[in-house]
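# prediction below, plus the sequence it came from.
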Amino acid sequence: MARGAAESTDVHHRLFARWYPRVARSADAKGGAEHRRELLAGLAGRVVEVGAGNGLNFSRYPAEVSEVIAVEPEPRLRRSAEQAATAAPVPVRVVPGRAEALPDGLADLDAAVLSLVLCSIPDVEAAMSELRRVLRPGAEIRFYEHVRSEGTWAARAQRLADLVWPRVSGGCHLSRRSTDAIDRAGFDVVSSRRFRFLGLPHVVGSARLPTT
């Protein structure tokens, strides 16, 4: 069976998929929309968005983007993303798939977008390896993630929360140093801005795949 087949890539988080769109819209109204605009500003060419959710980013892609391949493993969220794609200002193709096994046929892409997804990927190292596979040399990664607090007590609270939180939030872990995996995978970090949003530390930035 092909790697991109829905039967082998679907991940069901039924409760999470029901409440996440409402929570995400609320977060956007409180400032998340501006973070998404910052995340996507200046992108161009063919882009893969990993874990596209219900497609909240689609309306914010700049006109210089020629195609977005939006990969989403959760069926309910994927259906919402397909609806959002019909109103996007750039061509968006929504496909089933997991970050650790991106659909066959992707190659020489100009950029990848990671938006609040590294916290929930079961095997982040495998996901980064897949991005190296499908991106062209010199391609860009854009990332917008919540991360572990630098304060000892806050970090401990996040670790305690992770005993329960991932079970009800689609696998989301509050205590991950999510963006560290980008550096470990050999991408060169170009920019990184850390800030606090909705009570959690977040990071938005970009990195590039070396040309050699």
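Now that the structure is in, tell me what you want to look at.

# tell me the contacts of E67?
When contacts are counted by C-beta atoms under 8 Å, 6 or more residues apart in numbering, E67 touches R46, V47, V90, P91, V92, R93. C-beta: built from backbone N, CA, C; applies to glycine.

# among these, which are in strands?
Among the contacts of E67, the ones falling in strands (DSSP state E) are R46, V47, V92, R93.

# farthest pair within these?
Taking C-beta to C-beta as the measure, the ones in strands among the contacts of E67 span a maximum distance of 11.5 Å, between R46 and V92.

# about what we covered before: ok, of the ones in strands among the contacts of E67, which one's closest to F187?
Of all those, the one with the least separation from F187 (C-beta to C-beta) is V47, at 15.6 Å.

# pretty sure that closest one sits against V68.
Yes - using C-beta atoms under 8 Å, V47 is in contact with V68, at 5.0 Å.

# in the helix or strand Q83 falls within, what counts as buried?
Per DSSP states H and E: Q83 is located in helix 75-85. Buried positions in helix 75-85, judged by neighbour count with 16 or more other C-beta atoms under 10 Å: P75, R76, L77, R78, S80, A81, E82, A84, A85.

# select the longest strand from this protein.
Longest strand in the chain, counting by DSSP E: strand 135-146.

# helix or strand next in line after that strand, which one?
helix 152-161.

# what count of nearby residues applies to the nearest residue to D110 once chain neighbours are set aside?
Closest residue to D110 apart from its sequence neighbours, by C-beta to C-beta, 6 or more residues apart in numbering: G45 at 3.1 Å. Neighbour count for G45, taken as other C-beta atoms under 10 Å: 15.
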